[in-house]
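Colleague: Kindly return the folded structure for what I paste below:
(2 chains)
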Amino acid sequence: MGETGYYLGIDVGSVSTNLVIIDEEDKVLEKLYIRTSGQPINALRNGMKTLTNRLNTNNIHIKGVGTTGSGRQLASVILGADIVKNEITTHAVAAQKMVPGVKTILEIGGQDSKIIVLRNGVIYDFAMNTVCAAGTGSFLDRQASRLEIPIEEFGGYALRSTSPVRIAGRCAVFAESDMIHKQQTGHSTEDIINGLCEALVRNYLNNLAKSKEILEPIVFQGGVAANVGIVAAFERALGKKIVIPKYHDVMGAFGAALIAKEEMTRKNTKSNFYGFGTTENEYKAKSVECQDCSNMCEVIEISANSEVIARWGDRCGKWSELDGSSEQVG
Amino acid sequence: MAKKVGIPRGLFYYQYYPLWKTFFEELGAEIVVSDFTNKQILDSGVKSCVDEACLPVKLFYGHVLNLKDKVDYLFIPRFTSISKGEYICPKFGGLPDMIRHSLKELPEIIDTEVNLRKSKKNAFKAAVDVGNYFSSDRHVIKSAYQKALNSYREFRSNVRKGVLPGDILSKRRGVLNKSSDETVNIAIIGHVYNLYDNYMNMDMIYKLRSMGVNITTIEMLDGKVIDEKNQMLPKKMFWNFGRKAVGGAFHIMEREDIDGIIYLMSFGCGVDSFVCDLIERKVRNTKDIPFTVLTIDEHSGEAGMNTRLEAFIDMIRWRNRNEADVPAYG
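Modeller: Have a look, this model is predicted:
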């Protein structure tokens, strides 16, 4: 021991890619929130570059790396992760660290929304949105850009609403056409946005939170927690106080770092981390439909400096088992 | 030359194949089963079926197309009821008509009605009708039927001893990974054609086993137990699947050796929609056992399924460990 160690947590989500570095005391040294913009590898590269510029990374000894989010496998092969965890577990771990004794976690991200119920410090129950992504961050993003309002100001509009307008919340397509109808009949933008916030909250509570007991303390995290309009709508609907943790937008990454720290301390092994410079490599991802059988799997191949580092997407395992000698896909 | 009978690998194939196989073979027919579900079968099914149908029915279309040019007959019985006083989904009753009117150039369809709502004896009547396609000798048919019943009983008895029907009917099974943490026992409730079609449920059984999960399904339970537990309902459940699912779930939630329950649901399934809700309410109100619902449809992106499965198993391990007073997460 002796040397101070740090732990890196990365959450590659549909809308944002987040990076968090914590120290041995679980204090956040640095956090980044980057738009994934449909290109997770680029987002990771930008993230690592920014970290290198902001910190003197030569003095930062990374003792463990954890990845989470829907791009957790991808991030893991590019950076060399020690643990790869689903986002339910990482969000719960992070929320408990920030708000000890938390009983309910509301989380709304880009494509997913979740509710996590904790009792006695343990995940007791959870639910995620089903097949439809209505009412998540990417839908709010889309509405904000349709109305030409920066997403950061979107929630503020809702707070200035003076008269309630009801918007359909069950389906994103219906919600949008409802919003357009209301706008054409002359309702104010503020009232419509507030109506949308209420519709999303109503849908969330009816769908995800169905049959869940929402007890305080309640923590709201994920990118959408930055939207004051949604927060206010939640508080109105629940009649309870909602806590927005300090690092609400990067809680998944924070949790991944915490779990990496716990795991590495327990195992006491060296991290797999490839180093901050690793994203300087030339990464390529290609997708090929394998024609070897009628499953026609969509195989993804990731290569660094034209050397294949990972493949996945095949059902039979012939591509994902890298033995060095395997033929090239496609 | 023996007549070729095509059996689409979908819907009740997963329940009755051992019976059908012996019956046709005893009558001197050759059996051709469609290929294991693959992308081509799924795509052609989705393309040719009405949009409102559920995915299992659409897949069945794909299996019919996969078979139609290879056989003399297609075996698509008209199932109205498979047990006394009970109904099944009406799509089973309309299946031969749906197929006949939307697909072209089909071989002759054996669409004998199977209706056991009034009496179990009607099963033999249906067998004679089907048998007449291949033999005019009633004794031959009767003997084939007896042997078929024996095959079916043997299949059922193996399943009740704990062999998953999917392990008997399919090639990809996966083995229980005993190295990963402690074994977790999960009960999965769902239609046989969702549970045992590995393509359809994105290899759920295989994935769970590799996480060290031992699986129990309602097919493994004793019919008497199921009937007994149905007494807990205020009125008779007249859906065959509903009775099994409800009775099975009520039995499972009382068992000490089951760590959690997963309900695998078809998007848009009418029976699932209320049976699942009925079970969920009862489970949550009576027992402190982890319960989750997974909805499957046409998705081929596996991230959503993987995250939910991993998080669910993580939660159970975390809870179990917590009860044993070992503080750790993940």
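Colleague: I'd assumed residue A:8 was in contact with residue A:29.
Modeller: No - in this structure, residue A:29 is not within contact of residue A:8 by Cβ atoms under 8 Å, at 9.8 Å. C-beta here means a position set from N, CA and C on the backbone, and glycine is covered the same way.
Colleague: okay, and the common contacts of these two?
Modeller: Both residue A:29 and residue A:8 are contacted by residue A:21, under the criterion Cβ atoms under 8 Å, 6 or more residues apart in numbering or on different chains.
Colleague: For these two, indicate the residue with more neighbours.
Modeller: residue A:8 (30 against 16; other Cβ atoms under 10 Å in any protein chain shown).
Colleague: pretty sure that one contacts residue A:66?
Modeller: Yes - at 7.4 Å, residue A:8 and residue A:66 qualify as touching, with contact defined as Cβ under 8 Å.
Colleague: I'd like the mean pLDDT over the helix ranked longest in chain A, please.
Modeller: When chain A is parsed with DSSP state H, its longest helix is helix A:189-207. Averaged across helix A:189-207, the pLDDT comes to 89.
Colleague: how many neighbours does the residue found closest to residue B:18 once you drop the neighbours it is linked to in the chain have?
Modeller: Nearest in space to residue B:18, with sequence neighbours left out and distances taken as Cβ to Cβ, 6 or more residues apart in numbering or on different chains, is residue B:155 at 4.0 Å. Per other Cβ under 10 Å, the neighbour tally for residue B:155 reads 22.
Colleague: contacting residues for residue B:155?
Modeller: Applying Cβ under 8 Å, 6+ apart to residue B:155 gives the contacts B:18, B:19, B:165, B:168.
Colleague: The last one contacts residue B:156, doesn't it?
Modeller: No - the pair residue B:168 and residue B:156 fails to qualify as a contact (Cβ under 8 Å) at a distance of 10.6 Å.
Colleague: What score does the nearest residue to residue B:39 once chain neighbours are set aside have for pLDDT?
Modeller: Spatially, and ignoring its direct neighbours in sequence, residue B:39 is nearest to residue A:296 (4.5 Å; Cβ to Cβ, 6+ apart). If you check residue A:296, the pLDDT there is 79.
Colleague: Surely residue A:296 is within a helix?
Modeller: No - under DSSP: H, G, I helix; E, B strand; the rest coil, residue A:296 falls outside any helix and is assigned coil.
Colleague: what about it, how many neighbours?
Modeller: The number of residues near residue A:296, taken as other Cβ under 10 Å, comes to 15.
Colleague: how about low-confidence regions in the chain?
Modeller: No chain specified, so I'll use chain A. A:1-3, A:130-135, A:322-330 (pLDDT under 70).
Colleague: Not quite, go with chain B.
Modeller: Looking at chain B by pLDDT under 70, you get B:171-175, B:179-180, B:300, B:324-330.
Colleague: Just the buried residues from the contacts of residue B:155, in ChimeraX please.
Modeller: Remark: buried members of the contacts of residue B:155, expressed as a ChimeraX selection using 16 or more other Cβ atoms under 10 Å in any protein chain shown:
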select /B:18,19,165
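Colleague: Would you mind measuring the gap between the ends of stretch B:106-124?
Modeller: 27 Å (Cα to Cα, to the nearest Å).
Colleague: Pull out the buried positions in it.
Modeller: In stretch B:106-124, counting by 16+ other Cβ under 10 Å, buried: B:106, B:107, B:109, B:110, B:111, B:112, B:114, B:115, B:116, B:117, B:122, B:124.
Colleague: Verify the stated contact: the fourth one with residue B:78.
Modeller: No - the pair residue B:110 and residue B:78 does not pass the contact test of Cβ under 8 Å, sitting 9.9 Å apart.
Colleague: Strands of the stretch 51-200 of chain A, residue ranges please.
Modeller: Applying DSSP state E, counting those that start in this stretch to the stretch 51-200 of chain A gives strands spanning A:62-68, A:83-84, A:104-108, A:113-119, A:122-128.
Colleague: now the ones you listed as CSV including mean neighbour count?
Modeller: Below are the strands of the stretch 51-200 of chain A laid out as CSV (neighbours: other Cβ atoms under 10 Å in any protein chain shown):
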stretch, mean neighbour count
strand A:62-68, 28
strand A:83-84, 21
strand A:104-108, 26
strand A:113-119, 22
strand A:122-128, 21
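Colleague: export these to TSV and tack on distance to chain B?
Modeller: Shown next, in TSV, are those (distance: least, Cβ to the nearest Cβ, whole Å):
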stretch	distance to chain B
strand A:62-68	9
strand A:83-84	7
strand A:104-108	12
strand A:113-119	9
strand A:122-128	4
